[in-house]
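Asks: this one's structure only:
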């Protein structure tokens, strides 16, 4: 009886391990609760290690050795597979390469409203030499203050903004997204469907910027809704909308995707992670470094803030900033070079 129970538990544990390690094989990467579990691969790796250690202790009890050995093998396989995925995507790099004349640096930071001061955001933009800055949950007024500070420091940037329900006084700051773009990239404007919400993410706004003269990348500042139980359908819809914003062409997407690249498994086209766009952090050694929540160590968090670029761009570096400045998100900065 106990032997059959041990076999059943081992089979169930093996099945759960397979789903947790690679839910996209079972098409469960956007399904509750697997979507939430796979978001933090560092935590999953730690749990497998703990289970393996407990199984090692159980090996000391002769009646449980067979059961313990089977659990140990499955846990080690799960830990090994998770570790290989993590090593492929990158457990963290701490510096960007030197900026060249053709480099474009992109910074994304969900500032949690005014949890981060305009001064700190402006200073980080200056320190990082950012050319494009995506600021979900940042108001237009804060964006304009940042731009004034930057102009005084010789680093001018244009401010663009989308707000859902501007008719609601003192609405949540999550209904706003602000983007700053360097004049060196040309003049940009927010497309009408993004501004009026006829084509946008559903609960919190994204911003689609087009170059006025048609030269240069289309820039999309992304903010998808979080995958809470009651928002799963909207979250899936948001991810599909984001994928549609990166067809073949010249595109840079940056912001709070509220999703890891595991969740995007079915949304990539021709080698892209979402649409035709490729995740920069996972190609430059930071794919497993968590950007949320900032209260946890980076490798225990979820990498849900991204910069994605079409094949017009070659990723050359990325860094997740340690100081979240009061936000629950860490900022991500990447460097891109024109391809070819």
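Replies: Okay, I see it. Keep in mind the model is a prediction, meaning the values are calculated, not measured.

Asks: For the chain, which segments count as strands?
Replies: Per DSSP state E, the chain carries strands over the ranges 104-108, 132-136, 158-163, 176-181, 188-190, 207-211, 218-223, 251-256, 278-279, 305-309, 313-320, 332-338.

Asks: Could you tell me the angle between the first one and strand 218-223?
Replies: The one in question is strand 104-108. Angle of strand 104-108 versus strand 218-223, following axes from the mean of the first three to the mean of the last three C-alpha atoms, to 10 degrees, is 20 degrees.

Asks: Which elements pack onto strand 104-108?
Replies: helix 118-128, strand 132-136, strand 251-256, strand 305-309, strand 332-338 (3 or more C-beta pairs under 8 Å, 6 or more residues apart in numbering; DSSP states H and E). Yep, even glycine has a C-beta here, placed from its N, CA and C like the rest.

Asks: Apply 6 Å and report the result again.
Replies: strand 132-136, strand 251-256, strand 332-338 (3 or more C-beta pairs under 6 Å, 6 or more residues apart in numbering; DSSP states H and E).

Asks: average pLDDT across stretch 105-123?
Replies: Computed over stretch 105-123, the mean pLDDT rounds to 96.

Asks: How about residues contacting it?
Replies: For stretch 105-123, contacts defined as C-beta atoms under 6 Å, 6 or more residues apart in numbering pick out 128-138, 142, 145-146, 149-150, 173, 254-256, 305, 307, 325-329, 331-335.

Asks: what comes up buried for stretch 207-219?
Replies: 207, 208, 209, 210, 211, 216, 217, 218, 219 (16 or more other C-beta atoms under 10 Å).

Asks: does the last one have beta-bridge partners, and which?
Replies: Put plainly, it is residue 219. residue 209, residue 252 (DSSP bridges).

Asks: All further residue positions should be reported with the first residue as 708.
Replies: Yep, numbering from 708; the last one is residue 926 now.

Asks: before we move on, back to that, which of the helices and strands packed on strand 811-815 is buried the deepest?
Replies: strand 839-843 (a mean of 30; mean count of other C-beta atoms under 10 Å).

Asks: Against which helices or strands is it packed?
Replies: With contacts taken as 3+ C-beta pairs under 6 Å, 6+ apart, strand 839-843 sits against strand 811-815, strand 883-888, strand 925-930, strand 958-963.

Asks: could I get these as CSV with distance to residue 977?
Replies: Below are the helices and strands packed on strand 839-843 laid out as CSV (distance: least, C-beta to C-beta, whole Å):
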stretch, distance to residue 977
strand 811-815, 22
strand 883-888, 27
strand 925-930, 18
strand 958-963, 14
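
Asks: Out of those, which is closest to residue 746?
Replies: The closest of those to residue 746 is strand 958-963. By C-beta to C-beta, the value is 13.2 Å.

Asks: What is the distance between that closest one and the centre of its chain?
Replies: The chain centre lies 10 Å from the centre of strand 958-963; the measure is C-alpha atoms, centre = their mean, to the nearest Å.

Asks: pLDDT (mean, whole number) over that strand?
Replies: Rounded mean pLDDT across strand 958-963 is 98.

Asks: Repeat that for stretch 712-720.
Replies: The average pLDDT for stretch 712-720 rounds to 90.

Asks: thought residue 781 was touching residue 719?
Replies: No. Contact criterion C-beta atoms under 6 Å: residue 781 and residue 719 do not qualify, at 10.2 Å.

Asks: Can you list the low-confidence ranges for this structure?
Replies: For the chain, the stretches flagged by pLDDT under 70 are 708-709.

Asks: Regarding this structure, what is its longest helix?
Replies: Under DSSP state H, the helix in the chain containing the largest number of residues is helix 772-796.

Asks: same for that helix, what does it pack against?
Replies: By 3+ C-beta pairs under 6 Å, 6+ apart, helix 772-796 packs against helix 709-728, helix 748-765.

Asks: Can you point out the buried residues in it?
Replies: Those would be 774-775, 777-779, 781-782, 784-786, 788-790, 792-793, 796, for helix 772-796 by 16+ other C-beta under 10 Å.

Asks: any idea of the angle it forms with helix 709-728?
Replies: 0 degrees.

Asks: Contacts for helix 772-796, please.
Replies: Applying C-beta under 6 Å, 6+ apart, the set of residues contacting helix 772-796 is 713, 717, 720-721, 724, 728, 748, 751-752, 755-756, 758-759, 762, 765-766, 989, 994-995.

Asks: cool, and stretch 1018-1034?
Replies: 803-804, 818-819, 822-823, 827, 957, 987-988, 990-991, 993, 996, 1001, 1037-1044, 1046.

Asks: Can you select the buried ones among those residues for me in PyMOL?
Replies: Restricted to buried positions by 16+ other C-beta under 10 Å, the PyMOL selection for the contacts of stretch 1018-1034 reads:
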select buried, resi 803+818+819+822+823+827+957+987+988+990+991+993+996+1001+1037+1038+1039+1040+1041+1042+1043+1044
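
Asks: re the thing from before, please work out which of the helices and strands packed on helix 772-796 is packed deepest.
Replies: Scoring the helices and strands packed on helix 772-796 by mean count of other C-beta under 10 Å, the most buried comes out as helix 748-765, with a mean of 17.

Asks: follow-up on the earlier one: right, and the helices and strands packed on strand 839-843 - which one's nearest residue 948?
Replies: Of all the helices and strands packed on strand 839-843, strand 925-930 sits nearest to residue 948, with 9.4 Å by C-beta to C-beta.
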